[in-house]
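Colleague: fold the following for me, if possible:
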Amino acid sequence: MPARKVIKYLAGWSGRWRKAARDGSVSVLTYHRVTGDIPVELDLPFAVFEEQMRWLAENVPVIPLRDAVEGLLAGDSSRPWSVVLTFDDAYEDFFTRALPLLRKLSLPATLFVPTEFIDRPDRLPLSYSHPAAVEKMRPMTWDQLREVRDEPLVQIGGHTHRHRNLDQLQAEEIRKEMLDSAERFREELECVPTEFAYPRGAWSPQVADQIAEFCETATIVGGALASTDNTRRYAVPRIPVRRSDGMKWFVQRVRGQMYLEEQITNAARRLLGKGAAY
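Modeller: Residues are numbered from 1 along each chain as shown. Now for the predicted structure:
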């Protein structure tokens, strides 16, 4: 049995005893690509993605990220459990595949954009390479982003300019990443996003202090449900959705019961020197 499947069964079994989604908590889900033509964990087949979106539309309130964060920071534990949809890296298939479905189902989402990738499609925001990546993992265009900017269901967020791990940079380098990103947004979209996602979830309290002047909130990763207990303005937990989830594990993941998989996977990648798989 492949190692990934073993980890999933272990995480799924242990998750049955983990405190699941409850009032006051939010599952902030992270997607990347939704085409499925590259065999990597961050590229879901569209049919699976569509099934997941329809399940969410029928079973859980899906709310904007900004509304979720405001409620969490206010300590409001009376709100019903809800879900937030976020998409990283602004791949072209967000515009061609995901957005039409989100419109059809009236599901709000946040799109985090690394601005250099839009300018330079050869600069893929990946921590690994794949032979088909440069050809198939194309970014949106600025024209497409202008249309998304005007879409009421979608909120555009910042994701730095060059998609570098901020926890490995000096303060002046972090500042340049944020300034360069803001400049490109201002030039192309005539606005600067107020929400932000750390590339690959790489952050520290020191990094959070340095990016605070450029945004109002920031998201991390880790696989945990966001709650009034663990959410900070510049450290909002997110749950990555993986290709290997299908529908079998998706519902448990949304309910926060696959947390152990994230811990095991990221620990293994750190030991191998690969960093986070986002």
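
Colleague: what's the next secondary structure element after the helix or strand bottoming out on mean pLDDT in the chain?
Modeller: Lowest by mean pLDDT, DSSP states H and E among the helices and strands of the chain is helix 3-15, with a mean of 58. The C-terminal neighbour of helix 3-15 among helices and strands, as given by DSSP states H and E, is strand 26-31.

Colleague: buried set for the very next helix or strand once past that following strand?
Modeller: Using DSSP H and E, the helix or strand that follows strand 26-31 towards the C-terminus is helix 46-59. Neighbour-count burial for helix 46-59 flags 46, 48, 49, 50, 52, 53, 56, 57 (criterion: 16 or more other C-beta atoms under 10 Å). Yep, even glycine has a C-beta here, placed from its N, CA and C like the rest.

Colleague: do the same with stretch 230-241
Modeller: By neighbour count on 16+ other C-beta under 10 Å, the buried set for stretch 230-241 is 231, 234, 235, 236, 237, 238, 239, 240, 241.

Colleague: report the spatially nearest residue to the first one, omitting neighbours in sequence.
Modeller: Taking C-beta to C-beta, 6 or more residues apart in numbering, and ignoring the residues beside it in sequence, residue 231 has residue 72 as its nearest neighbour in space, at 4.2 Å.

Colleague: against residue 81, how distant is the one you found?
Modeller: 12 Å (C-beta to C-beta, to the nearest Å).

Colleague: what's the overlap in contacts for these two?
Modeller: residue 26 (C-beta atoms under 8 Å, 6 or more residues apart in numbering).

Colleague: quick one, strands of the stretch 101-250 of the chain?
Modeller: Using DSSP state E, counting those that start in this stretch, the strands of the stretch 101-250 of the chain run over residues 109-113, 154-158, 195-197, 217-219, 239-240.

Colleague: circling back: and the residue nearest to residue 231, what helix or strand is that in?
Modeller: helix 65-73.

Colleague: so which bits of that helix are buried?
Modeller: Buried, per 16+ other C-beta under 10 Å, within helix 65-73: 65, 66, 68, 69, 71, 72.

Colleague: with that, I have no additional questions.
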